[in-house]
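A.B. asks: With the sequence up front, the predicted model follows.
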Amino acid sequence: KAGVTQTPRYLIKTRGQQVTLSCSPISGHRSVSWYQQTPGQGLQFLFEYFSETQRNKGNFPGRFSGRQFSNSRSEMNVSTLELGDSALYLCASSLTDYNSPLHFGNGTRLTVT
Amino acid sequence: KNEVEQSPQNLTAQEGEFITINCSYSVGISALHWLQQHPGGGIVSLFMLSSGKKKHGRLIATINIQEKHSSLHITASHPRDSAVYICAVSNTGNQFYFGTGTSLTVIP
């Protein structure tokens, strides 16, 4: 069974630009969640999607958004990039919700210059 | 104030030692997760538990709901156990909170 796939692995963007990251969950998993990891703040929850609906959202500004498609694949978008958005962005999938084991992708490392 | 506190922050052990990492949380939870992150970023879910104790190989995770505390034990530690171990909880409002992680180094 294929694992969680995140693309791209690395990304370099300039301040003010926008970026879209992609996450393909394990087949059959309907929940996809996104996380930001930085050296200063550690891991932080961004949002979670289930059956194309955002169920939960962390404490991030509206520049961070996402969506989920009917095949459970998910995208995350960050608009008007700031230097502080440089981070490792991880997604995880699970069968239903946080009461199911999480399976993480390898992440997308975003650098904003 | 952090909803999830881990200790210790850093831990160095000799190969073969018994290791304990602690996690305390302040919110009502529906589940607690222990995660392992190796250099390079990949995260692996080790355990998900809401009560009692779970064992997988040399790893044991326990949780005490009344005391809002969980422990991760590694028996007969090995250099390949060197990683960052992260405690995370999902609360009854379906929010997800992470501890700051414990960096473990096991020396041969």
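C.D. replies: Looks like it arrived, so ask away.

A.B. asks: what does chain A have sitting close to chain B?
C.D. replies: Within chain A, the positions lying close to chain B (CB under 8 Å from any CB of the partner chain) are A:33, A:37, A:42-45, A:48, A:55-56, A:58, A:88, A:90, A:92, A:97-104, A:106-107, A:109. For every residue, glycine as well, the C-beta is placed using N, CA and C.

A.B. asks: In strands only, show me the residues you listed.
C.D. replies: Cross-referencing the residues of chain A next to chain B against strands under DSSP state E gives A:33, A:37, A:42-45, A:48, A:55-56, A:88, A:90, A:92, A:103-104, A:109.

A.B. asks: pLDDT-wise, which helix or strand of chain A ranks last?
C.D. replies: In chain A, no helix or strand scores lower on mean pLDDT, DSSP states H and E than strand A:53-57, which sits at a mean of 90.

A.B. asks: Of the residues of chain A next to chain B, grab the buried ones for PyMOL.
C.D. replies: Only the buried entries of these go into this PyMOL selection, using 16 or more other CB atoms under 10 Å in any protein chain shown:
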select buried, chain A and resi 33+37+42+43+44+45+48+56+58+88+90+92+97+98+100+102+103+104+106+107+109
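
A.B. asks: gap between the two ends of stretch B:18-37?
C.D. replies: End-to-end distance of stretch B:18-37: 20 Å, with CA to CA, to the nearest Å as the criterion.

A.B. asks: buried sites along stretch A:65-85?
C.D. replies: Within stretch A:65-85, the residues that count as buried by 16+ other CB under 10 Å are A:65-66, A:68, A:72, A:74-76, A:78, A:81, A:85.

A.B. asks: Just name the closest of the residues you listed to residue A:9, please.
C.D. replies: residue A:76 (14.7 Å; CB to CB).

A.B. asks: For burial, what's the neighbour tally of residue B:16?
C.D. replies: Look at residue B:16: counted by other CB atoms under 10 Å in any protein chain shown, it has 11 neighbours.

A.B. asks: Beta-bridge partners for the residue nearest the centre of chain A, please?
C.D. replies: Chain A has residue A:34 as the residue nearest its centroid, 3.3 Å off, counting by CA atoms, centre = their mean. Beta-bridge partners for residue A:34, by DSSP bridges, are residue A:47, residue A:91.

A.B. asks: I figured it hits residue A:23, correct?
C.D. replies: Yes: with contact defined as CB atoms under 8 Å, residue A:34 counts as touching residue A:23 (7.3 Å).

A.B. asks: before we move on, the earlier item: ok, which pair from the buried residues of stretch A:65-85 is furthest apart?
C.D. replies: Greatest spatial distance among these (CB to CB): A:72 and A:81, at 26.6 Å.
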